[in-house]
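Novice: 3D, please:
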Amino acid sequence: MPEVLEPTDAELAAIVRAMRVVAVLGMKDESRAGEPALEIPRMLVDRGVEVIPVNPTIARSLGRPAYATIADVPVPFDLLDVFRRAERVPAIVDEVLALPAERRPRVVWLQSGIRHDAAAARLRAAGITVVQDACLGVLAARYRGRSM
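Specialist: Take a look at the predicted model:
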């Protein structure tokens, strides 16, 4: 398998500063307070990011309607933030690559503890930047001020 290149710190900073609309796959609702899949999106909202919940088990989160699948999201999004186990990543990549090219996110972000090099390589081959095993919340706190 070819080496998987990770974005540099400067590239990560640019990604975090440029994101405006983030779809959060596996986002929780307010009944799950304290869980990263709710608290990180909440922090993104506080920093001026539009967050779109994607989870078939919830109707709403943070006052926003939730969508069952990535394909159901009715607006373009810059970044897909993934809160799913690594073994689910190949199917997620299939969903992303099934989107029309103009609706695909520029970045797929696999949260801390989530890594799948083969799936990441497929996304990169399609021109999508991939971040693996990194906390978007930590980097957003570092690279974005409040309500940008």
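Novice: give me the contacts around stretch 57-72.
Specialist: Stretch 57-72 has contacts (Cβ atoms under 8 Å, 6 or more residues apart in numbering) with 23, 25, 27-30, 38, 41-42, 45, 51-56, 73-74, 80, 92, 95-96, 98-99. Heads up, the C-betas are built off the backbone N, CA and C, glycines and all.
Novice: just these: which are in helices?
Specialist: L38, P41, R42, V45, I92, E95, V96, A98 (DSSP state H).
Novice: which of those residues has the most neighbours?
Specialist: Within the ones in helices among the contacts of stretch 57-72, P41 tops the neighbour count with 25 neighbours, counted by other Cβ atoms under 10 Å.
Novice: now L38. Nearest residue, chain neighbours left out?
Specialist: With sequence-adjacent residues excluded and distances taken as Cβ to Cβ, 6 or more residues apart in numbering, L38 is closest to K28, at 4.2 Å.
Novice: am I right that that neighbour is in contact with G34?
Specialist: No - under the criterion of Cβ atoms under 8 Å, K28 makes no contact with G34, lying 9.5 Å away.
Novice: neighbour count winner among these two?
Specialist: Set side by side, K28 and G34 show more neighbours around K28, with 23 against 7, by other Cβ under 10 Å.
Novice: that one and I40, how far apart?
Specialist: Separation of K28 from I40 (Cβ to Cβ, to the nearest Å) stands at 10 Å.
Novice: just C135 next, same as before
Specialist: Computed as Cβ to Cβ, the C135 to I40 distance reads 7 Å.
Novice: who touches both of the two?
Specialist: Q111.
Novice: who has more neighbours out of the two?
Specialist: Comparing C135 with I40 by other Cβ under 10 Å, the one with more neighbours is I40, at 24 against 15.
Novice: for the chain, which segments count as strands?
Specialist: Per DSSP state E, the chain carries strands over the ranges 21-25, 50-54, 60-61, 64-65, 79-82, 107-110, 129-131.
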